[in-house]
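In: What follows is a protein structure lacking sequence information:
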């Protein structure tokens with residue numbers, strides 16, 4: 001055997017030994033271990049999901065989440081760090097929602113989100129609540145929790161919310177308190 005062939009054989013054997021050593025000693029979980037970590041009712045776990053709802057060939061809304069756990073039998077998707085965008089919603093060109101967690105019901109096309117919920121409109125209005133529900137069939141965003149609306153013209157708090165995305169009409173349902181910004185109050189007093 002020539003020196004060149006011997007050297008090539010030694011290099012190949014060294015590489016093979018290195019690969020075997022790495023495969024044996026690399027940290028990581030096997031597929032069985034990873035599946036054991038998932039809750040029993042979860043059929044599929046995803047990261048960085050993007051869902052687009054279309055109507056008549058045009059996108060109506062988009063849902064993004066950092067992670068999702070799909071329960072196929074129930075038709076439910078549990079979401080983490082949820083963001084939604086709605087287009088052409090009455091007087092708003094765009095409405096954005098964000099929350100820490102959510103649940104998307106695929107059959108009923110409803111999305112419920114909770115945990116530091118914020119709604120932002122392209123008109124500079126900002127809503128906050130603890131929990132909000134969106135129903136595709138009625139295009140309504142509703143909440144039974146305490147809500148707050150902040151805009152350049154108004155700071156409003158109350159309990160319960162109904163936002164019709166077809167007309168852009170918003171109602172705070174009870175215990176409503178409103179405060180005008182100082183600049184607006186001064187203007188109305190000076191008239």
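Out: Okay, I see it. It should be emphasised that the depicted structure is a prediction, and the values quoted were computed from it without experimental measurement.
In: can you pull out the strands in this structure?
Out: Taking DSSP state E, the strands of the chain run over residues 44-55, 58-71, 76-89, 92-105, 110-121, 126-135, 140-150, 155-164, 170-179.
In: ok, how many other residues are close to the spatially closest residue to residue 111 that is not a sequence neighbour?
Out: Distance criterion CB to CB, 6 or more residues apart in numbering; nearest residue to residue 111, sequence neighbours excluded, is residue 134 at 4.6 Å. Glycine gets a C-beta too; all of them are placed from N, C-alpha and C. When neighbours are counted by other CB atoms under 10 Å, residue 134 registers 23.
In: Which pLDDT value does the model give residue 134?
Out: Confidence at residue 134, expressed as pLDDT, is 92.
In: Run a quick check on it versus residue 140, I expect a contact.
Out: Yes: using CB atoms under 8 Å, residue 134 is in contact with residue 140, at 7.3 Å.
In: care to break the protein down by domain?
Out: The chain breaks down by automatic domain parsing into domains covering 3-33, 42-189.
In: if you compare those, which one is most tucked away?
Out: Of all those, domain 42-189 has the most neighbours on average by mean count of other CB atoms under 10 Å, namely a mean of 16.
In: how distant is it from the center of its chain?
Out: Between the centre of domain 42-189 and the centre of its chain there are 10 Å (CA atoms, centre = their mean, to the nearest Å).
In: Least confident of the domains of the chain, on average?
Out: domain 3-33 (a mean of 59).
In: circling back: residue contacts, the residue nearest to residue 111?
Out: 84, 97, 110, 111, 112, 113, 140, 141 (CB atoms under 8 Å, 6 or more residues apart in numbering).
In: Look up which residues are beta-bridged to the fifth one.
Out: Right, the one you point to is residue 112. Taking DSSP bridges as the rule, residue 112 bridges to residue 103, residue 133.
In: how near is it to residue 11?
Out: As judged by CB to CB, to the nearest Å, residue 112 and residue 11 stand 60 Å apart.
In: Spatially nearest residue to the residue nearest to the spatial centre of the chain (excluding sequence neighbours)?
Out: For the chain, residue 82 is the residue whose C-alpha lies nearest the centre (CA atoms, centre = their mean; 1.2 Å). Closest residue to residue 82 in three dimensions, ignoring its sequence neighbours and counting by CB to CB, 6+ apart: residue 102, at 4.0 Å.
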